[in-house]
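Enquirer: Attaching a predicted model along with its sequence, questions to come.
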Amino acid sequence: MLRYLVGVALLTRSVLAFNLMLDIGHTPTKYGALSANCEKEYNYNVALGSYLLKYLANHSRIKVSMMAEREISFQERYKSSTQKDLFLSLHHDSVQERFIKRDKFRCPSSNYASGFSIFISRKNPYFTESLEYAKNFGEALLKQGLTPSLHHAEKISGENRELLDRKLGIYVFDDLKVLKNAKAPAILFEAGVIVNPTDEEAVKSDEYKSKIGKAILHIF
């Protein structure tokens, strides 16, 4: 019965405009990871969000909004998710320090991992829908030629995350604040591993961002 109700909800939202909130991970001062070129993760998150906002605005099936580019609290993020069909938090990934080498400028570099990751939380009140959307997103990313990273499932300190779907790169991370406290179905998406020079170069391209945009259109 529960799966039937979720299916009805998804069908209804496929007919109406799907209300998507793009959450820019981190803030200008708490900027997240550093890339192989010593660029702040936050800047990559903003660039991806801005591209997707314009890309998705051209599709009548979706109503998309994005968090403002400024210092923002978790409480503001939670509030922004109210009455949304999906809260999609945009990030770019790194690896554990033990796998990183640094150049003379202290820029991090590692070929240890590459690819995207998708996180959901069982503590989110809309976990069933979050999982359905995550699966649709993962399948669509694969069709666009992107590959998941499995390094967060490794049995090492700082990782050891529950890998829910190996093929699609979907993890459960129950206590991620932005996921468990969202007022809507929620996904955290790591678009690529920016300490990996190859991934770092790829995620900056419009071609890569457009593949993510196309995959989003198949979430619902």
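Expert: Right, received. Where do you want to start?

Enquirer: so where do the helices sit in the chain?
Expert: For the chain, applying DSSP state H gives helices covering 2-15, 41-57, 74-80, 127-143, 177-180, 197-203, 206-216.

Enquirer: Which residues does the last one contact?
Expert: Right, helix 206-216. The contact list for helix 206-216, computed with CB atoms under 8 Å, 6 or more residues apart in numbering, reads 20, 47-48, 51-52, 55-56, 62, 88, 137, 140-141, 143-146, 191-192, 202-203. Heads up, the C-betas are built off the backbone N, CA and C, glycines and all.

Enquirer: tell me the contacts of the residue nearest to the spatial centre of the chain?
Expert: Nearest to the mean C-alpha position of the chain, by CA atoms, centre = their mean, lies residue 189 at 1.2 Å. Contact analysis of residue 189 by CB under 8 Å, 6+ apart lists 88, 89, 90, 91, 116, 117, 118, 119, 137.

Enquirer: Just among these, which is most surrounded?
Expert: Among these, the one with the most neighbours (other CB atoms under 10 Å) is residue 117, at 27 neighbours.

Enquirer: What spatial separation is found between that one and residue 108?
Expert: Distance of residue 117 to residue 108, given as CB to CB, to the nearest Å: 18 Å.

Enquirer: Kindly report the same for residue 83.
Expert: Taking CB to CB as the measure, residue 83 falls 39 Å from residue 108.

Enquirer: quick one, which of the two is more surrounded?
Expert: Counted by other CB under 10 Å, residue 83 and residue 108 do not tie: residue 108 has more neighbours, with 21 against 9.

Enquirer: That one is in contact with residue 96, isn't it?
Expert: No: taking contacts as CB atoms under 8 Å, residue 108 lies outside contact range of residue 96: 10.9 Å.

Enquirer: wouldn't residue 172 be in contact with residue 162 here?
Expert: Yes: counting by CB under 8 Å, residue 162 is a contact partner of residue 172 at 4.3 Å.

Enquirer: need the helix or strand of the protein with the lowest average pLDDT.
Expert: Among the helical and strand segments of the chain, the one scoring lowest on mean pLDDT, DSSP states H and E is helix 2-15, with a mean of 50.

Enquirer: Residue 177 touches residue 74, doesn't it?
Expert: Yes: if you go by CB under 8 Å, residue 177 and residue 74 touch, sitting 5.5 Å apart.

Enquirer: Once you drop chain neighbours, what's closest to residue 194?
Expert: In space, and not counting its chain neighbours, residue 194 is closest to residue 35: 3.9 Å by CB to CB, 6 or more residues apart in numbering.

Enquirer: so where is this structure shaky, pLDDT-wise?
Expert: Along the chain, the parts satisfying pLDDT under 70 run over 1-16.
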